[in-house]
Structure formats: C-alpha cells, structure tokens
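Asks: A structural model of the following input is requested.
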Amino acid sequence: MDLAELLQRAQRLVNETEMETDLPRVERTLSQVLQATQEMHARVTQTGTNDLQAHILLGSKGVDLPKMTQKLETLSARNFLEPLDPIQDTDVKGYLKNERENAILSVIEETNRNVSFGETKRQQSCTNKYIFFQVFTSVERQKWRSVYSEWGNMKESLLNALVGPDQQDFPDLQRQMVATELPDEPAPFSRLSSFENLYAKEITSYNESHMQGGHRTNLVATFAKLAKESFEDPLVTEMWNVLTYMANVTPLSRNIDPIHNRQTAPQFIQQARIYLERRYKTYMNAVNEKNLVIAKRGGIPNIYNMVCSYVGVQFQQSHSLVGLLNVDNNGKPLWPHVFYSLRCGDLGAAVQFLRESGACPELLKLMTLQRLGDTTSETSSTTKLEGQLKLEYNNKLRICSDPYKKASYAIVLACDPHDGHPELIRTIDDFLWMQLSILREQEKRDYNIEQLTYSGLQSLILEKYGENYFNAREKAPLYFQVLALTGQFESAIEFLARNQSTITHAVHMAIALNEMCLLGTPKSVNEPLLSAEPEDPSPMKRLNLVRLVVMYAKCFERTDTAQALQYYYLLRHFKTEDRGPNAMLTCVSDLLVENCDDDMLKLIFGVEDEQNDNCFTGGIFDEFHTMDYDMYSLAGMVGDELSNRSNYESAIKLYYIAGRLDKALRLMCSLLSQVVHQPPRPGSMRGRLRYIIQRLDSALIDRKTDVQAHVLITYTTLSRLMDFFDLVNDEKGREASEILSNNRLVPSNSTEVDECVTNLKRMGPEIIKVLPDVIMAAMNIVYAEYLQQRDGPESGNVDETQNESREAALRHLRGRAKALTNMAASVPYRMPAAINQRLLQLEILML
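Replies: Below you'll find the predicted structure:
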C-alpha cells in the first residue's frame, strides 16, 4: 500500500466520524487534547461527584444548568410568605403572628447565606427544620414567660385586694386580736392514718380481751366487718371477704404446722369452691333480674329454678343451640343445665336434670353416689364405673361438639386438666373454679391418668403464670385473691406488703391468720420476709411475721408508743435466738435502746409508787400482766443492752427500775470516777449524776444487803468525794478537809500513810483514778492554810504564846504536806508527773 492510498483511507474515516452540527470544526494536537483532559479532570474533582451526576442527569434532558442556577439565586421566598392583609396597630394577635413569622424568616434567610451552594436539597431541608424548631422553641418560651408574668401581676393585684379595708373607712369597727394558745405539754403528732387507727383500736380491744381471759375472737371476721363498714374501698372489702371464706375452717393448735395441714386438708379447697360458687350465684341472680320477662322466674327459690331461668336467658336465640346435644322439644338443652348446676355447687340439681332427661345413666349413677357420699361402700363398682366413663370421655367426648357436656364429664370425673374449655371459661373465677373442681388428693390419684393436685395448681398459679400474667402491678387485689383462693396465704400477703398503699392491710391479714394458727412462719425470726423450709412442699413459702410487724410498727413507735406495744404483744409466742426470751421483749428493748429519755421511761414503766419505792405503776407495759416476763425483767434486759453499748447513764436508770442496785452502783462508780473532780456546770453529766445519786441513796436505805460490800464502799466514797470537790470549788477548805479525814482517804501526818494506803486497797479501782486529784486538792487546802497562818500578824505585835501556837500550826501543816507527798509515793499507782512536781513544789515552799 502506497502513501496515496493510505491518505484516502484516513480521509474516508474522518468523513465517517463527522457529525452534522452547526459548531465550527476544531482541530487539536495531542498535547492540546491532553491539556483539555487535565483541565476537565481538575474541574470534576473540585465540584464533586454529586455535581457531576447532576450535570449529567440534567444535561441529558436538555436543561441548561448554569442558567437554572442563576434563576434560583434571584428567587426570594420572602415575597410569597409575607402577609397579604395590612396589620392594624390594635390587632395584637396579628401583630404577634407577623413578628413571629418575620423572626423565623430572618433566621432562615441568614442561615441560607452561610450555607454553601453545593449542599443538597435534603441537607438544606433538615437544617431549616432544625433551625425552625429552635426558633419555635425560643419564641414559645418567650410567650409563656410573658403569660406567667401577666398571671403573676394579676395574682398580686388580687391578693392586695384581699388585704382588707382601711381602718379609716370603718372607724366604728374594732379589731380584736385572738391569742393563739399552745398546750404546756404538747403531745406528739400521730403518724397513724385514719384506717390504720381503726386497725390499731381493734388490735388493742383484742389484746385486752385476751389478757382479761375472755373468749378469743375471730380477727379475720372482725377486720372484714371493719373494712365493710368503715373503708370506702370495695377492693379491700373483697380481699377480706376472700380471706374470711378461706379462714372459715376448724381452728388449729400452735403445735400443728399450718403448711402441712393446709396441703393435706381438703377443707381449704372446699372453702375456695364455696366462695366462687356463691359469687357466681350472685351473678346469675343479677342476670335473671335484668331479664325478668325472658327468665320467667317462679316456683320455689332454689338452684334448680334459678338455673332454668338463667339458661332460658342465655339460650333464647336459636343459633345459640348449634352444636349442643340432648336438646328437648321445647328448645331446652340438657348439658348447660347440668353444667351451671355444678357451677353453683348444687350436685343435687344436676342429678335432677339428668334424671328428668333420662340421658347418661352411668353418669347419673356416679353423681348420685358422689352426692350421697357412698364411694367407700362400693369401691370396686365405683372405680369400675369411673373407668368406663373416663374411657368414654377419652374416646368420644374429647371431640364432642357440646362444650357443656364435655366440661360436665371432666368435672365429675376429675380428669383432663390441660383442657382449658375456652367456650365456657371466660373469667379468672371460672378458671379457678374449674381447676379446683378437677383436683384430686395425693392419696386418691389414679397414676394411669394425668390428674391435677393441689400443689400442682399452686405451682401453676405462682410459678408458671406469675405476676406478669395477671398484671399484678395494676391489679393487685385480683392477684391476691387468686393466691389466697389457692391456699398461698404467705405469698399473697408478701405481695401486698411490697406496695405502700396495701402494706397496712397485709400486716393485719398476717396477724389475723397467725392468731388463728393458719399462717406458716419460719423457725428463725432472722429469716427474710418470705422464705421456704427444706421440708415444705413446693411452691409453699413461709412469711416472717416478726419482720413484717416490726417493719410496720417502726414507723410510728415513737409517736404512738402505746399502739406499737399492742402490736409487739402479738409477737410474744415467737422465740428469739440470741436476744431476749421472746420477740416482744426484744422489740420493746430495741425501742428503749434507741429512745431512752425520761419521758419514754415514764411512759413504758410509769412512776415510783409512793407507798413502795421498789415498785413502779402507771406504765403501759404494766398492762401486759399475763406474760411470763414482767416489766422489771424488761428493764434489766434493756439495761444490759445499754451497758454493752457503753450508755452507762441510761443503763443506771434501767437497772434502778429493775431493782438491780448492784449493777447500777457499779456503773455509777465508773461514771463518777470520770467526772467527780470536774467543776459543776448546768446540764453536765455531773449534775445529772447528782440527781441519780439522790435516788440511789434513798433506795439503799432498805436494800443495802443487795449490794456487795466493796461496791457499796466505793460508791459511798465517790459520792462523798463529789461533796468534797463541791466544797473545794466553793473555797470551803475546812469543811472539805473534814470529809477527807472522816473517810480516811488522805493522812493527816506521816504515821497515817500506811493506814490510808491499806484503806485504798479495800476500795475499787475507781478511787485510785481520782486519787491524784484528791491529793492535789488536799495539798492546795494545806498550802492555803499555811499562807494564811504565815501571813498573819507580825511577831512584834503578838505575845510569845501566840507565836509558839502559830509555829506549831505551821509545823503541823508542814507535816500534813509531807504526809501527802509520802502517800503519793506509796500508793500502787503511778502518779502523773505534773502532780508529783506540784506536790514537791508546794512542800518546798512551806519549808
């Protein structure tokens, strides 16, 4: 191929690639193409991928994007959002609306200036919404601030108007000042509410009746009557009614375990069924009374006629009979009559309906035997009959179209506990009654067929369903009734005790059941509020009544002490492990330990008998005279606890009440050794001990033999030393010296040192503790007398006889000082260095 042919082919390719366009043809070299490509790449990387996609999209549709951008910049949203109507100056509402919209638009406009043009429409919309929300919140806050300010001004003007007229406007009106009178001894405000006070009165009446030897009343029935007459809460009344039915059983003794008896005795199941059946009879009567025309009531008022009327009301429409079996010519179905008779607890009415219809003779025979209670006389025939009926039930009735017949068979045969019978069971009462009706005792179970036991039903309610299923937080009375009807009193009361609004009822329910020996309590009072013993059947729990009552009474034991002690009296049968003989004394002891002032002691123990100083009368604890432990035992118990806590001053008062003078004097000696040398001050411990000493001295007149000799000597010496230091502080040295010489505590001369040291050994160590202060005070008295004698009249103004007597007195004082110094060195006690130094200094000054 030559060059000419190659040129022609190249020209042909150029012609084929040319496009018909009005644009001039541009010819570029390779370097120019490379430069243009680099410029285009730089512009693409600067504007971003979003702008590139926008250019491609709009350019493909023939949109001129630069012109469109210029037009958007010239647009202004303000012209479209401005109000069209002129705003009058007096139009406050319109003015505020206009100002609000202008503020919002100004903020949006200012924000739009700062937003770059490259942001997307979605980002601008989000920003505008956020800014609008902030502006709206600020404007709303300013609006309400203004409204509150106007309200405040109006309220102030109204209050100023209520101040009253000026006295000048009514010159004849005389203002009278009414003085506010307060009692001299105001009583503390009671923390008991109205219904708590009613409960407390019943508890007090019950305890008084018991202490007087009267008949023990039924507290459950008493509280149920109180709730019905005084409480305006039908839910509380219904809870007490449930408890009344469940507690209406044969009274037990305290030697029988309530938990074991409840699980084995069928009377609790019967009482729960009776309660549910009576409620359903009330419901059926209410339905019949609302439909008197349809019910056609008449005849003898019994369950049979009531069921006939109720079934006539429920099945008045023909479509309601679809699927039912054994319907007679009058349109009356048999099995609803049988079922509702059983639902009302009347087995005789159900037998009568079956006998009149002539259906199911085997079932009729079994129900007749159950009604007459003859199941024990013909055990083999009855068991065979039950087996045949259960076989019929399993083969035919499980898929029966008549739910009433199926439920009636299940109730009579006590089988198929897993069938919920949804066509008939519409309420919790229906469910509980159905489950209670098909229960079998543990010893009567047929292990070839799955049957429900009492403990199985309790586990179903408490563990499988639980609080969430029954919505217990919002329907606490309903959940309590379910637990109580299944014999789980402890769990039901513990659930009520969690809520502050129902804890009062829970406490008194527990008290009432415990007084009837129906409440399961743990062996130890230190157990938690709800616990379980290893031998207890699942899921039964035990309620710690002591902890519950103490938790309740602690709230008002200081303001309503008498009522609190009535509650503590109910705990007298509970034994404590380490503190006190029973829980009542322990609770009262804790109360006195925490608040042991004179008023509380007077309230609990009363005052001293004027005729017998050893007895106290008038205290509220004296009312509980039937206990094995009296108030003097309580006082001694509290005194021991206070002594262990180093509260010796209060312990002395309690030991004095208890008649334990030996312990009281020991503690008094310990306290006196600490404060006897201090100067008297108003309100100090030394001043309070002075009053206690007077009471102890009066008691020791007749009861010195109750105190050990060395304790009595130590106490007597310390009480005399208190008088000694009082005289020293009053600068009565001569009288103070006489007290020391009478008690032979310090020597008068050197020959008495050994005798005084021997006397100290017979006393308690408390005397040794105050001996340095006693010797120092005695030395100061001697030195003061020495200065007085030495600085007397000059020797030239007196005769020789007076000089000799003064010199003799000075020698005697020097001898006393020497004896005090020798005694300080002879006692088996290390004297403080400052005391020894001062003694030697004063002795030297008297030489």
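
Asks: next SSE downstream of the lowest-mean-pLDDT helix or strand in the chain?
Replies: Ranked by mean pLDDT, DSSP states H and E, the weakest helix or strand in the chain is helix 78-81, scoring a mean of 43. Proceeding N to C from helix 78-81, the next assigned helix or strand is helix 92-114, under DSSP states H and E.

Asks: next, count neighbours for S146.
Replies: Number of residues near S146 (other C-beta atoms under 10 Å) recorded here: 11. Every C-beta, even on glycine, is put in place using the N, C-alpha and C of the backbone.

Asks: E608 bridge partners, please.
Replies: On the basis of DSSP bridges, E608 is bridged to F616.

Asks: I'd assumed G619 was in contact with it.
Replies: No: using C-beta atoms under 8 Å, E608 makes no contact with G619, being 11.0 Å away.

Asks: give the residue spans of the stretch 251-400 of the chain that score low on pLDDT.
Replies: Counting by pLDDT under 70, the stretch 251-400 of the chain contains low-confidence residues at 329, 374-381.

Asks: how about P537, phi and psi?
Replies: Main-chain dihedrals, P537, degrees, to the nearest 10: phi -70, psi 150.

Asks: check what pLDDT it gets.
Replies: pLDDT, P537: 89.

Asks: in stretch 457-477, what counts as buried?
Replies: The neighbour-count criterion (16 or more other C-beta atoms under 10 Å) identifies L457, Q458, S459, I461, L462, F470, A472, A476, P477 as the buried residues of stretch 457-477.

Asks: swap in stretch 649-663?
Replies: By neighbour count on 16+ other C-beta under 10 Å, the buried set for stretch 649-663 is 649-661, 663.

Asks: just the strands from the stretch 551-700 of the chain, written as ranges.
Replies: 606-608, 616-618 (DSSP state E, counting those that start in this stretch).

Asks: tell me the mean pLDDT for the last one?
Replies: It refers to strand 616-618. For strand 616-618, the per-residue pLDDT averages 83.

Asks: just give me how far that strand sits from the chain centre.
Replies: Its chain's C-alpha centre and that of strand 616-618 lie 36 Å apart, by C-alpha atoms, centre = their mean, to the nearest Å.

Asks: equivalent analysis for stretch 511-528, please.
Replies: 19 Å.

Asks: cool, stretch 363-370 as well?
Replies: How far stretch 363-370 lies from its chain's middle: 53 Å, per C-alpha atoms, centre = their mean.

Asks: sorry, back to before: could you dump the strands of the stretch 551-700 of the chain to JSON lines with distance to K290 and mean neighbour count?
Replies: Below are these laid out as JSON lines (distance: least, C-beta to C-beta, whole Å; neighbours: other C-beta atoms under 10 Å):
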{"stretch": "strand 606-608", "distance to K290": "64", "mean neighbour count": "16"}
{"stretch": "strand 616-618", "distance to K290": "63", "mean neighbour count": "16"}
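
Asks: I'd like the ones you listed as CSV, with distance to Y629 appended.
Replies: Output for the strands of the stretch 551-700 of the chain, formatted as CSV (distance: least, C-beta to C-beta, whole Å):
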stretch, distance to Y629
strand 606-608, 17
strand 616-618, 15
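
Asks: of all the ones you listed, which one is nearest T801?
Replies: Nearest of those to T801, taken as C-beta to C-beta: strand 606-608 at 59.7 Å.

Asks: tell me the helices and strands packed up against the closest one.
Replies: Applying 3 or more C-beta pairs under 8 Å, 6 or more residues apart in numbering; DSSP states H and E, one finds that strand 606-608 contacts strand 616-618.

Asks: residues contacting the strand it packs on, please?
Replies: With contact meaning C-beta atoms under 8 Å, 6 or more residues apart in numbering, strand 616-618 is reached by F605, G606, V607, E608, D609, D622, M631, I657.

Asks: would you map the helices across the stretch 151-300 of the chain?
Replies: Counting by DSSP state H, counting those that start in this stretch, the segments of the stretch 151-300 of the chain that form helices are 194-211, 219-230, 234-246, 258-264, 267-290, 292-295.

Asks: deepest of those, which one?
Replies: helix 234-246 (a mean of 20; mean count of other C-beta atoms under 10 Å).

Asks: just want the angle from it to helix 267-290.
Replies: Comparing the axes of helix 234-246 and helix 267-290 via axes from the mean of the first three to the mean of the last three C-alpha atoms, to 10 degrees yields an angle of 130 degrees.

Asks: packing partners of helix 234-246?
Replies: Applying 3+ C-beta pairs under 8 Å, 6+ apart, one finds that helix 234-246 makes contact with helix 219-230, helix 267-290, helix 476-485, helix 503-515.

Asks: for these, which one sits closest to N614?
Replies: Among the helices and strands packed on helix 234-246, helix 503-515 comes nearest to N614, with 35.8 Å by C-beta to C-beta.

Asks: what's the first helix or strand after that closest one?
Replies: Heading C-terminal from helix 503-515, the first helix or strand you meet, by DSSP H and E, is strand 530-531.
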